[in-house]
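Undergrad: here are the coordinates; sequence isn't available:
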């Protein structure tokens with residue numbers, strides 16, 4: 001990870017923490033913000049993954065996985081963004097499924113990293129936390145502010161993981177000095 005990527009990751013984490021704190025302070029109006037931010041973030045991530053597929057990943061082995069991931073995330077984003085008008089119970093179920101999906105992906109990524117001799121413990125722990133958030137969504141499904149609090153807890157955890165990843169030493173040494 002280059003120095004610019006580290007700084008960008010830390011700045012993004014700080015914004016995530018600020019948004020999570022605002023959700024903890026005012027959860028009543030946070031529901032609309034959560035649905036909007038979740039939808040926009042998933043659409044942005046999905047479109048970014050699709051752009052990555054069409055520019056680079058289609059030439060790689062296993063690149064079709066990026067296409068599928070981009071399409072699914074974009075569809076999840078459209079669904080989440082349109083969730084303002086549906087009952088909150090469905091949004092909590094949607095949030096549980098989203099955390100469950102991400103938990104499965106992270107646990108599988110940790111198994112792959114372990115077999116290749118890489119950093120796998122942090123990925124595995126991230127998957128377990130996503131499973132726990134999915135279980136919390138299901139347990140507290142009738143509470144009105146549950147979606148806001150669980151999303152805020154997920155934001156705090158994701159921000160902490162971003163900061164930890166940015167501060168970890170990388171295996172590749174980058175030279176950020178200008179070429180002369």
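TA: In hand now; what should we look at? Please read all numbers here as calculations on a predicted model, not as lab measurements.
Undergrad: can you tell me the average pLDDT over the strand or helix carrying residue 80?
TA: In this assignment (DSSP states H and E), residue 80 forms part of helix 64-81. Taken as a whole, helix 64-81 carries a mean pLDDT of 88.
Undergrad: chain center to it: distance?
TA: The chain centroid and the centroid of helix 64-81 are separated by 13 Å under C-alpha atoms, centre = their mean, to the nearest Å.
Undergrad: Which positions in that helix come out as buried?
TA: For helix 64-81, the neighbour count (16 or more other C-beta atoms under 10 Å) marks 66-67, 69-70, 73-74, 76-77, 79-81 as buried. Heads up, the C-betas are built off the backbone N, CA and C, glycines and all.
Undergrad: Could you export the residues you listed as JSON lines, including distance to residue 128?
TA: Listed next are the buried residues of helix 64-81 as JSON lines, based on distance: C-beta to C-beta, whole Å:
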{"residue": "66", "distance to residue 128": "25"}
{"residue": "67", "distance to residue 128": "29"}
{"residue": "69", "distance to residue 128": "22"}
{"residue": "70", "distance to residue 128": "26"}
{"residue": "73", "distance to residue 128": "22"}
{"residue": "74", "distance to residue 128": "27"}
{"residue": "76", "distance to residue 128": "22"}
{"residue": "77", "distance to residue 128": "25"}
{"residue": "79", "distance to residue 128": "26"}
{"residue": "80", "distance to residue 128": "24"}
{"residue": "81", "distance to residue 128": "29"}
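Undergrad: tell me which strands and helices the helix or strand following the helix holding residue 80 is in contact with?
TA: Using DSSP H and E, the next helix or strand after helix 64-81 towards the C-terminus is helix 88-115. When contacts are defined as 3 or more C-beta pairs under 8 Å, 6 or more residues apart in numbering; DSSP states H and E, helix 88-115 packs onto helix 27-55, helix 64-81, helix 121-139, helix 146-167.
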